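> Below are the sequence and a predicted model for it; my questions follow.
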Amino acid sequence: MDADVVQAVNHLTARWARELPPGNTVVSGLGLWPLLALLATAADEPGRSELAEAAGVDAATGAAKAVELIGAVDDATDLHAALGVWVHEQLKLSESFDSVVPAALTGTLTGDLAGDKAKLDAWAAEHTENLIREMPLEVTPDLSVVLASALSLRTTWVRPFAEQLKRVNDGPWAGGTWHWLERSDRDLNTVSRYDGLTVVTVRGQADVDVLLGIGSAEAAQGDVLAGLLAAAEGGVSGAELIGQGEPGDEVAPGVKIGQTTAPVPEVKLSVPAFSVRVEHDLLAQRQLFGLSAVTSSPRGSGHFSAISPEQLVVGQARQTVLARFFATGFEAAAVTAMGLMRTSMQTSQSRRLEVSLDRPFGFVAVHRETRLPVVAGWIDQPTEPG
């Protein structure tokens, strides 16, 4: 894979991670990056520069880099990746369209909302091994172009975990009981310490590992995630840590020196099993992703003259992503999609009646033909709280 692209995806993911609200969550910068890079090539200024900066890519080569990245990811044993673009059959395309979007990636939207939704959902399911079965977009009459990426990951651990129910007695989870995973490993260097962060590597059978990171009790969520993304070779290895204290001493966040009857030193890893699924509305952070200009009302020929001479804006941008960590392995999937919409023309306005039942009211149900009342009643206050 292109090292510069890998770094760009890493930086995008780290910036996103720092902006996440507290709580269980998961994101895929890898799922979003190809769409931003492709749009950077297709966009006009000022959106072109905004998107290129957010993706960390030269706008002129962004689309080609996106296609190359997806192909490289799909070549991995434990990973599958796909990129797709669907264009409404009534949308006039620019002559430059094929130079931005390869014909092999392109499908058609017919305007049949149910049929188009079924087509997009089937693509999402196919390319995530049914982990995600719906495209995270609303199919509407003004939807003209859909860009989407799909990723799936499935791996089994080289060394599986034993699973048990465990009650936590101390710390922020005190009093709770969860499914807990434990195992021992003689490879001390699966643990490393980096500037106040502990990183544990859980190795998969083929070409995927899962890194687990923990900071101090006071560390911010965004700082731990960003630090984990930045961790590389180096730091203080587990083989060094084991000689830096006595039994009971904490030598790194979440790491204490213990004792074992095993003939050689080992690592005992204890971690809760977890499953997280999140829906992200990317337009809620449009500035972070370089989407500010291309979501605004266009002037002249619009934002994407390389796609169509018609006026298009990014009207939807969403990601569905999940991750599951369990005794025998790990699986994850993400579908990221953007919808380019035709901008609507100004229409004349007429007067209307606006009825608001915002105080007590009565009701009656009647048989239409005979006007026989079936039920009647009174609503003194609303009954279904939000």
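Received the coordinates, thanks.

> all helices of the stretch 1-150 of the chain, in order?
Read by DSSP state H, counting those that start in this stretch, the stretch 1-150 of the chain holds these helices, from start to end of the chain: 3-18, 29-42, 47-55, 62-74, 97-100, 113-127.

> With respect to burial, which of those scores highest?
helix 29-42 (a mean of 27; mean count of other CB atoms under 10 Å). All C-beta atoms are positioned from the backbone trio N, CA, C, and that covers glycine.

> Tell me which of the helices of the stretch 1-150 of the chain sits nearest to Gly84.
Between Gly84 and the helices of the stretch 1-150 of the chain, the shortest gap by CB to CB is with helix 113-127, which sits at 5.9 Å.

> Gln285 reaches Glu19, doesn't it?
Yes: between Gln285 and Glu19 there is a contact under CB atoms under 8 Å: 6.2 Å.

> which outside residues touch stretch 176-186?
Defining contact as CB atoms under 8 Å, 6 or more residues apart in numbering, one finds that stretch 176-186 is touched by 159-168, 260, 262, 264-273, 325-327.

> May I see the buried residues of that stretch?
Of the residues in stretch 176-186, Trp180, Leu181, Arg183, Asp185 count as buried by neighbour count, 16 or more other CB atoms under 10 Å.

> Distance of the nearest residue to Ala60 once chain neighbours are set aside relative to Asp187?
Excluding the flanking residues, the one nearest Ala60 by CB to CB, 6 or more residues apart in numbering is Thr41, at 6.8 Å. Remark: distance between Thr41 and Asp187 (CB to CB, to the nearest Å) = 44 Å.

> Helices of the stretch 251-386 of the chain, start to end?
For the stretch 251-386 of the chain, none of the segments meets the definition of helices by DSSP H, counting those that start in this stretch.

> Low-confidence stretches in it?
Flagging of the stretch 251-386 of the chain using pLDDT under 70 yields the residue ranges 299-301, 344-359, 361-386.

> can we see that at 90?
251-256, 259-266, 270, 275, 296-303, 310-311, 325, 342-386 (pLDDT under 90).

> Okay, strands next: where are they in it?
255-256, 267-272, 274-281, 312-325, 329-342, 361-366, 373-379 (DSSP state E, counting those that start in this stretch).

> just the stretch 101-250 of the chain next, same as before
Per DSSP E, counting those that start in this stretch, the stretch 101-250 of the chain carries strands over the ranges 106-109, 143-156, 162-167, 177-185, 191-194, 197-203, 209-214, 236-237, 250-252.

> For the nearest residue to Gly71 once chain neighbours are set aside, give me its contacts.
Computed as CB to CB, 6+ apart, the closest residue to Gly71 that is not its neighbour in sequence is Ala81, at 7.9 Å. Applying CB under 8 Å, 6+ apart, we find Ala81 in contact with Ile70, Gly71, Val73, Asp74, His127, Ser149, Ala150, Leu151, Ser152.

> Distance check, Ile70 against Gly248.
49 Å.

> for Pro136, same thing?
Counting by CB to CB, the gap between Pro136 and Gly248 amounts to 48 Å.
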